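**Student:** next input, structure requested:
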Amino acid sequence: MTLDRYTRWQAAPIHLLISAVIATLVVGTMLLVWYPQPYFLAAGGITLVLLLVGVDVVLGPLLTLIVFDPKKKSLKIDLAIIAALQLAALAYGGWTMFSARPVYVAFAGDRFHLVAANEISPADLDKAAIEYRSLPLAGPKLVGTKPPDDPGERENLRVAMFMGGTIGLFPQYYVPYSAVARDVVASSKTLATLRQKNPDRVADIDAYIAASGKPENALRYLPMRARRDDVSVIVDPTNGDVQGVLAVDPW
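**Tutor:** Model (predicted):
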């Protein structure tokens, strides 16, 4: 490319367009694979994306606008450094989003917990059953939890939960979701209760019911704790099967 054909006011928009296309492809892939809806907002993904876009899409073209001068002998080197910085920022942002991706939806007691990859200790992962020793890559996996029988372990877990943790952060206590489905049904609440808690979201709740194609009495909900926004998990009251997630405050 012959750089002396362009002014800084032409080069910066071109750089912005290229950066925006690359960022769109990367973020789109992340959202489809690592943060499938409706977990993106609940997991705080919007903050990570804004940081990624802010650094990669805005800062790079802005630096090009500042340094671009077709008469500079070092222009190609300057642009190469900017590109390298952008790639480094993109790699770092991608790794951050990968590390914070939701990997498990764990039912515990009377609620679900959305668990991120970086919330699980590798040491605890090694203690888990073989099917839970690798973190899912394409969206969170639904699991149940069972407190330990050992008194010492139970006390350690109690302390961890007192400090703000949850049993969902300890994969060694994961069990198949089918093992807790009966508890899910017993803990579930009617959507009428959800309406009462959210009078300003009645239309959204009714729209979800209509879209489901099921009568209201065939749907119930439980809370799901998440890093950013708590949401409502919709379940079948007969077998505990998860029907979907509604972005409505369950509390």
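
**Student:** and the residue lying closest to Lys71 once chain neighbours are set aside, what pLDDT?
**Tutor:** With sequence-adjacent residues excluded and distances taken as CB to CB, 6 or more residues apart in numbering, Lys71 is closest to Asp4, at 7.8 Å. All C-beta spots, glycine's among them, are computed from the backbone N, C-alpha and C. What the model reports as pLDDT for Asp4 is 70.

**Student:** Glu216 touches Ala210, doesn't it?
**Tutor:** No - distance between Glu216 and Ala210: 9.8 Å, which falls outside the contact criterion (CB atoms under 8 Å).

**Student:** mind checking which of those two has more residues around it?
**Tutor:** Neighbour totals were compared for Glu216 and Ala210, and Glu216 leads with 15 against 10 (other CB atoms under 10 Å).

**Student:** follow-up on the earlier one: wait, the residue nearest to Lys71 touches Pro70, no?
**Tutor:** Yes - counting by CB under 8 Å, Asp4 does reach Pro70; the two are 4.0 Å apart.

**Student:** ok, now which ones touch Val53?
**Tutor:** Residues counted as contacts of Val53 (CB atoms under 8 Å, 6 or more residues apart in numbering) are 23, 27.

**Student:** please disregard the earlier target; I meant Leu16.
**Tutor:** Applying CB under 8 Å, 6+ apart, the residues near Leu16 are 57, 61.

**Student:** what element comes up after the helix or strand hosting it heading to the C-terminus?
**Tutor:** Under the criterion of DSSP states H and E, Leu16 resides in helix 8-33. As assigned by DSSP H and E, the chain's next helix or strand after helix 8-33 is helix 39-42.

**Student:** quick check: next helix or strand after that following helix?
**Tutor:** The first helix or strand that comes after helix 39-42 along the chain, using DSSP H and E, is helix 45-53.

**Student:** gap between that next one and the chain center?
**Tutor:** Its chain's C-alpha centre and that of helix 45-53 lie 11 Å apart, by CA atoms, centre = their mean, to the nearest Å.

**Student:** mean confidence score for whatever helix or strand comes next after it?
**Tutor:** Counting by DSSP H and E, the element after helix 45-53 in chain order, helix or strand, is helix 60-67. The average pLDDT within helix 60-67 is 85.

**Student:** give the buried residues for helix 60-67.
**Tutor:** For helix 60-67, burial by neighbour count (16 or more other CB atoms under 10 Å) applies to 60-61, 63-64, 67.

**Student:** and which of those is nearest to Arg227?
**Tutor:** Using CB to CB, Gly60 is the member of those that sits closest to Arg227, with 28.5 Å.

**Student:** doesn't Gln86 make contact with the closest one?
**Tutor:** Yes - between Gly60 and Gln86 there is a contact at 4.3 Å, judged by CB under 8 Å.
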